[in-house]
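Enquirer: Here you go, sequence then predicted model.
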Amino acid sequence: MKLPATIADRVIEAIASLDPATGGPADRYGVAQRAFPLLADVGGCCLLRPDGEFLQIAWDTSEDSPTVLGTIPLAALVVGAERFPWLRELVPVRSPQAIDCQTCAGTGKIRRGEVSGILCGDCSVLGWVVPDSDPSRPRFEIGQTVTVVLNERNRTPHTGTIRAFMWHHQLQRWHYFLDEDGKAISKRYAAEDLFPVA
């Protein structure tokens, strides 16, 4: 992702303010990777570099071996923008066609048993989704470049082109199949799992 210069400068400032001695492991990894932590959970953290590159680091791995994400981790970006409003211009703007996410009732967070505040993977914490405006037509076209939205269902980053789509009669929705670097990805994706790449 190409960051606007003003955001890149803010990321640089935020990295300079990290304190590995008192800020915890996310700050330590951020200093080591010259990246700003957006989201940390029990498994690790997601970070943003000033050049727009996103990293993911698991707590049980070396701080020198991050995974460079080829897709935009939308949930991490939304959570980061909640804490740091200067990131908001990177978050997708709700379109007039969007509807509240049914899973989280438009809040971006869900409750499981006694545990509340769990990030909603169905809407990537946005609180809204864009339904297929015309179910008779797929939202994406064959050959269109898309990136996979990382969430509870999609943990592997992919950016590729739509190679095929099919209508799922039982679920009443389109499913999409991708090619990445000339290789077919076997998983099928719903429209809300994909984000168009300009």
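Expert: Now that the structure is in, tell me what you want to look at.
Enquirer: Run through the chain and note the low-pLDDT ranges.
Expert: 132-136, 198 (pLDDT under 70).
Enquirer: Show me where it has its strands.
Expert: 36-40, 44-48, 54-58, 67-69, 99-100, 109-112, 115-119, 128-129, 145-148, 159-168, 173-180, 183-190, 194-196 (DSSP state E).
Enquirer: what would the ones you listed look like in JSON lines with distance to residue 3 and mean neighbour count?
Expert: Where you see a C-beta, it was placed from the backbone N, CA and C, and this is true even at glycine. Putting these into JSON lines (distance: least, C-beta to C-beta, whole Å; neighbours: other C-beta atoms under 10 Å) gives the following:
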{"stretch": "strand 36-40", "distance to residue 3": "11", "mean neighbour count": "24"}
{"stretch": "strand 44-48", "distance to residue 3": "8", "mean neighbour count": "26"}
{"stretch": "strand 54-58", "distance to residue 3": "11", "mean neighbour count": "21"}
{"stretch": "strand 67-69", "distance to residue 3": "15", "mean neighbour count": "15"}
{"stretch": "strand 99-100", "distance to residue 3": "29", "mean neighbour count": "12"}
{"stretch": "strand 109-112", "distance to residue 3": "27", "mean neighbour count": "12"}
{"stretch": "strand 115-119", "distance to residue 3": "23", "mean neighbour count": "11"}
{"stretch": "strand 128-129", "distance to residue 3": "24", "mean neighbour count": "19"}
{"stretch": "strand 145-148", "distance to residue 3": "16", "mean neighbour count": "20"}
{"stretch": "strand 159-168", "distance to residue 3": "17", "mean neighbour count": "15"}
{"stretch": "strand 173-180", "distance to residue 3": "24", "mean neighbour count": "18"}
{"stretch": "strand 183-190", "distance to residue 3": "26", "mean neighbour count": "14"}
{"stretch": "strand 194-196", "distance to residue 3": "17", "mean neighbour count": "17"}
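Enquirer: Could I get the ones you listed in CSV, plus columns for distance to residue 19?
Expert: Listed next are the strands of the chain as CSV, based on distance: least, C-beta to C-beta, whole Å:
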stretch, distance to residue 19
strand 36-40, 12
strand 44-48, 15
strand 54-58, 18
strand 67-69, 24
strand 99-100, 39
strand 109-112, 28
strand 115-119, 25
strand 128-129, 35
strand 145-148, 33
strand 159-168, 34
strand 173-180, 38
strand 183-190, 40
strand 194-196, 34
